[in-house]
Structures are given as structure tokens and as C-alpha cells.
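Novice: All I have is the shape, not the residue letters:
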């Protein structure tokens, strides 16, 4: 039943949201910032509804670590499609996610994502990937946060729920070139919503923990050189700590 409700809701949201996109487009002609915030809140409301219908029992820790007055680079472990649903619903300001290129081709969804400053990465095209990072740098400089999952794909290791794939270093240029804080996010339980028993959606306890901001200027030269590995270690410690707390 949860699966049917979630699928039906997403379908209706996208279809009924099409005229809303038209209205927002007209608003943006005169009041761009107002349209941006309005679209952000609409999608966040939609994501919260999806999480509710899926039966997600969410515990959030460390939310006070997110600066409210500047753009940041969110980084997190990636186990589920619901990682985006859960984290995006809590972003205090405009935030663009870097997603794989195929998502851009999904009808209506791609329009919403582009309106919300999301960027689409073709993993096979290095030149296009560089353009995405440069665009993300410009967005952060203009006050729009960026969220990435540095593993590059969903980790499907069911036997080790707190394991991480190696973090890719390239996307950390966003923080190095802008000086913005890096906000580490550790999520546990998200794969149990859907991926671990696909295609069925099940009620699940999920924990989302925000770590303390990482400022690249305060790191050693060696850690700055291997920023991805440094951040991977930070999130690994957060995941291990959460797993220990559960047991």
C-alpha cells in the first residue's frame, strides 16, 4: 500500500505541478528571488509528503551546524533515492544538487530540478564534468548552496551498512575555490526504505546527522591536498558513531 501511495502521489505532484511551473515562470519575470524561494518550498513540501507516505521515522541531529547566512557545500553518503528526498526537505536556503545526467531527461521532474539550480553530470564526459563544477562554483559565489554525494553512485553493500565508496576528489574544488563551509551529512537507514527490498516501500527509522562545518583554510596543507579523503574519513567516523549508538 505504501508503494502505491508514494507512486501515485509523485505522479500527481508532477502532473498537477506543471501549471504551477507556468505560474512560477511568470512570477520569475518580475520577482526572480520570490519565485526561487516559492519553488524551493513547494518541492520541500512535496518531499516531506513523500517521506510521510513512505513511513519514514526521521531523527535529525546537529542541524545547528548548518550556517543560515551563507552558501555551503553539503556532502553525504549515498545509499538510496530517498537521500535526496530527506535532505532536500531540510535545506534552509536555495540548494542545487549535482545529479547524474539521466535524471534531467525525466519529464517535468527535470524542469523542476533545473528551476532549483540542480546540475547534471555526465560521468563519461570529463569536459562536461569540469563545466558542471565551474557552474557550481559560480552558484556558490552567488549564494546558492550545492549538495553532492562524493561516492559518485549509490553504495549497494547490504552487508556493511556503514561502509563508504571512495570519495571522488574533483567536486571538492567547489569548496576550495569559494572558501565555503563543507557540511558533512551521515545518513543511516535510508536503503531500508526501498532499495533493500525493491520495489516495495517500507516504514523505516532513519537518522540524518549534520557534522560541524569543515573550513578548508583551517586544514593542514596535506588535508587540503586530499580533501576528499579527509571528508570521507569525517563521514565514516560519523557513521561508525551512529552505528555504535544503535547497538
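Specialist: Looks like it came in fine. These figures come from a predicted structure and were not determined experimentally.
Novice: pLDDT (mean, whole number) over the helix or strand harbouring residue 97?
Specialist: Secondary structure assignment for residue 97, by DSSP states H and E: strand 95-100. Taken as a whole, strand 95-100 carries a mean pLDDT of 93.
Novice: contacts for the helix or strand just after it?
Specialist: Going down the chain from strand 95-100, the next helix or strand is helix 109-115, by DSSP H and E. For helix 109-115, contacts defined as Cβ atoms under 8 Å, 6 or more residues apart in numbering pick out 14, 17, 21, 24, 39, 43, 97, 99, 103, 104, 120. Where you see a C-beta, it was placed from the backbone N, CA and C, and this is true even at glycine.
Novice: What are the boundaries of the helices in this protein?
Specialist: 2-30, 32-54, 82-88, 109-115, 126-141, 173-178, 221-225, 227-246 (DSSP state H).
Novice: Next, the buried residues of the longest one.
Specialist: Buried positions in helix 2-30, judged by neighbour count with 16 or more other Cβ atoms under 10 Å: 5, 6, 9, 10, 13, 14, 17, 24, 28.
Novice: follow-up on the earlier one: tell me which of the helices of the chain sits most buried.
Specialist: Of all those, helix 82-88 carries the top mean neighbour count, a mean of 22, counting by mean count of other Cβ atoms under 10 Å.
Novice: Can you list the neighbours in contact with that one?
Specialist: Under Cβ under 8 Å, 6+ apart, the answer for helix 82-88 is 43-44, 47, 50-51, 54, 56, 58, 74, 76-77, 95, 97, 99, 147, 149, 185, 187, 190, 193-194, 206, 208.
Novice: cool, and stretch 33-53?
Specialist: With Cβ under 8 Å, 6+ apart, stretch 33-53 has contacts from 2, 5-6, 9-10, 13, 17, 20, 24-25, 27-28, 58, 82, 84-86, 88-91, 93-95, 112, 115-116.
Novice: Report the rounded mean pLDDT for that stretch.
Specialist: 96.
Novice: How far off centre is it?
Specialist: Here the centre of stretch 33-53 is set off from its chain's centre by 14 Å, with Cα atoms, centre = their mean, to the nearest Å.
Novice: before we move on, the earlier item: tell me the angle of the strand holding residue 97 relative to helix 32-54?
Specialist: 60 degrees (axes from the mean of the first three to the mean of the last three Cα atoms, to 10 degrees).
Novice: partners of strand 95-100, with directions?
Specialist: strand 119-121 (parallel), strand 145-148 (parallel) (DSSP bridges).
Novice: I'm done for today, thanks for sticking with me.
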